[in-house]
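*Asks:* I need the structure of the sequence given here:
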Amino acid sequence: MKRLRQPSAHPHLARIGPVFAILLILPAATACGSEPPRAETPLEERTPKVLLIGIDGVRADVLADVSTPNIDALAAAGSFTAQTRTTTPSVSGPAWSSMLTGVWPEKHGVTSNRFTNRQYDQYPDFLTRIEQVRPELATFAVVDWLPLGQLDGAGGPTLSARIDVREVLDGSELGWADADTRSVGLAVQHITQADPDAMFVYLGNPDETSHEHQSIGVEYRDAIALSDRHVGMLIDAIRARPLRPSENWLILVSTDHGRLPDGGHGGDSRIEMTTFILTSGPSAAVGTPAGPTFIVDLAVTALTHLGVSIDPAWELDGKPVGLR
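*Replies:* Residues are numbered from 1 along each chain as shown. Here you go, the predicted structure:
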């Protein structure tokens with residue numbers, strides 16, 4: 001079984017290949033190969049930015065068996081744990097709500113995929129929090145599971161309309177692999193043409209593929225591998241930004257729940273309740289985070305990296321994870 005992290009800073013470079021090694025340890029090069037590399041701004045002077053990539057329904061032990069060079073490279077250069085606990089029940093509605101808001105279902109109110117009794121007005125997603133307290137920051141989200149961005153009734157969807165740019169696709173209509181590809185295309189376009197500060201990109205294909213085939217077999221593993229290629233496209237877009245030497249990007253990758261061998265989930269077994277958190281970038285620690293980690297930690301980690309002060313009145317349940 002391959003590992004998704006290494007405890008020391010650079011022995012992993014031989015494993016992940018020369019291209020990733022160069023990108024991880026050298027400053028950005030100029031367009032002309034004969035010119036010297038551009039000097040990067042000191043870390044403390046760079047503009048903090050964050051990209052949270054959420055891949056639905058990925059079992060951490062299966063992830064470790066699939067060829068995922070892009071995720072591996074991020075993990076090797078940062079912090080990774082495959083012992084993160086998700087919500088009870090281990091289903092998408094409560095779990096994504098907790099990841100994005102930083103509070104448990106007892107507060108945000110979502111306890112099923114019906115999204116009844118949601119309290120997003122009181123406990124909004126982290127991008128909406130940013131809009132409330134730091135509206136000068138540019139926020140972006142793209143999702144292809146409709147409830148996250150399009151939900152009728154009181155409380156609205158998980159990701160509110162206050163987010164600066166919010167793209168909502170329908171994976172059920174488009175097909176999940178195609179919808180994820182389109183979502184990543186929209187995110188890459190935004191990274192390339194705009195100046196985002198905080199982003200969330202949702203990839204739904206692995207979860208839906210496992211449900212469709214009622215297994216964690218080859219189709220599910222292929223879907224995880226496709227998600228890894230999508231991660232690579234997003235990272236390539238960030239690395240190609242002309243302003244990257246003056247930016248401090250934190251990349252977060254996680255999932256909402258595990259699953260059973262038949263593709264199901266929702267119970268409290270270890271393989272359903274265990275997820276992972278990956279934190280990578282100049283401000284990320286290297287190795288395994290100290291202490292237990294929980295799905296509610298992701299929103300707080302993103303806010304902390306951006307320098308957003310956590311108001312105790314927000315009653316957030318998470319803590320920063322994987323930062324220096």
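
*Asks:* could you give the backbone dihedrals for the closest residue to Gln150 other than its chain neighbours?
*Replies:* Among residues not flanking Gln150 along the chain, Val168 sits closest, at 5.1 Å (CB to CB, 6 or more residues apart in numbering). Where you see a C-beta, it was placed from the backbone N, CA and C, and this is true even at glycine. Backbone torsions of Val168, given as degrees, to the nearest 10, read phi -130, psi 120.

*Asks:* distance of Val168 from Leu148?
*Replies:* 8 Å (CB to CB, to the nearest Å).

*Asks:* out of the two, which sits in the more crowded spot?
*Replies:* Legend: neighbour count by other CB atoms under 10 Å for Val168 and Leu148, higher for Leu148 (26 against 18).

*Asks:* picking up where we left off before, show the contacting residues for the residue nearest to Gln150.
*Replies:* 142-144, 146, 148-150 (CB atoms under 8 Å, 6 or more residues apart in numbering).

*Asks:* buried set for stretch 206-222?
*Replies:* For stretch 206-222, burial by neighbour count (16 or more other CB atoms under 10 Å) applies to 206-211, 215-216, 220-221.

*Asks:* revised request: answer the last question for stretch 42-60.
*Replies:* 46, 48-60.

*Asks:* which of those sit farthest apart?
*Replies:* Arg46 and Arg59 (35.1 Å; CB to CB).

*Asks:* buried ones among the contacts of Val168?
*Replies:* For the contacts of Val168, buried by 16+ other CB under 10 Å: 142-144, 148-150.

*Asks:* just these now: which is nearest Thr101?
*Replies:* Nearest to Thr101 among those is Leu148, at 11.9 Å by CB to CB.

*Asks:* and that closest one, what is it in contact with?
*Replies:* 96, 157-159, 168, 202.

*Asks:* and the two most separated of the residues you listed?
*Replies:* Pairwise across the contacts of Leu148, and taking CB to CB, the largest span is found between Trp96 and Val168, at 13.9 Å.

*Asks:* tell me the least confident of the contacts of Val168?
*Replies:* When those are sorted by pLDDT, the bottom entry is Gln150 at 94.

*Asks:* can I assume it is in contact with Pro157?
*Replies:* Yes - if you go by CB atoms under 8 Å, Gln150 and Pro157 touch, sitting 5.7 Å apart.

*Asks:* the residue most central in space within the chain: helix or strand, and which one exactly?
*Replies:* Nearest to the geometric centre of the chain sits Ile53, at 2.4 Å (CA atoms, centre = their mean). Under the criterion of DSSP states H and E, Ile53 resides in strand 47-55.

*Asks:* re earlier: now, which of the contacts of Leu148 sits nearest Val184?
*Replies:* Among those, Tyr202 lies closest to Val184 (CB to CB), at 10.2 Å.
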